[in-house]
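>>> Sequence and computational prediction follow.
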Amino acid sequence: MKTEIFAIAVAGLMSVMPLAHAGEHPDAQQRAALETALTTAGFVSWGEIEMEKGFWEVDGARKELGAKLKFELKLDPTTMLVVEEKVDD
């Protein structure tokens, strides 16, 4: 009985762990790594960066200064590679 309760408790905690970082903003070290990754990927400016569902989400990223076209990005927090890029509406 105790083992079953423990297993249920662990499963419950694991299901909410990704949410624990939702909305988290990068610290100075993470921000520097993200800025390097974004610049390397060809972006010159961007807006808010926050952790959502296990990925760094970047709003309003632009590939050219003054460009009207903006992108919404997802970066893998381990590799800092852009894993999703879509036009920001």
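Perfect, thanks for sending it.
>>> Tell me where the protein is predicted with low confidence.
For the chain, the stretches with pLDDT under 70 are 1-21.
>>> wait, what's in contact with the residue nearest the centre of the chain?
Compute the mean C-alpha point of the chain, and by C-alpha atoms, centre = their mean the closest residue is Trp56, 0.9 Å away. When contacts are counted by C-beta atoms under 8 Å, 6 or more residues apart in numbering, Trp56 touches 26, 30, 34, 49-50, 74-77, 80. For glycine as for every other residue, the C-beta is placed from the backbone atoms N, C-alpha and C.
>>> Go again with 10 Å.
The contact partners of Trp56, by C-beta atoms under 10 Å, 6 or more residues apart in numbering, come to 24-26, 30-31, 33-34, 37-38, 49-50, 73-77, 80, 82-83.
>>> Any chance of a PyMOL selection covering the buried ones in the residues you listed?
Selecting the buried subset of these in PyMOL, with 16 or more other C-beta atoms under 10 Å as the burial test, is done by:
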select buried, resi 26+30+34+37+38+49+73+74+75+80+82
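>>> Which of the contacts of Trp56 fall in strands?
With strands taken from DSSP state E, the overlap with the contacts of Trp56 comprises 49-50, 73-75, 82-83.
>>> Go through those residues and name the one nearest Ala61.
Using C-beta to C-beta, Leu73 comes nearest to Ala61 of the ones in strands among the contacts of Trp56, at 5.3 Å.
>>> is it true that the closest one touches Ala41?
Yes - using C-beta atoms under 10 Å, Leu73 is in contact with Ala41, at 8.1 Å.
>>> tell me, what's touching the two both at once?
By C-beta under 10 Å, 6+ apart, the residues touching both Leu73 and Ala41 are 58, 61, 82, 85.
>>> Nice, that's everything, thank you.
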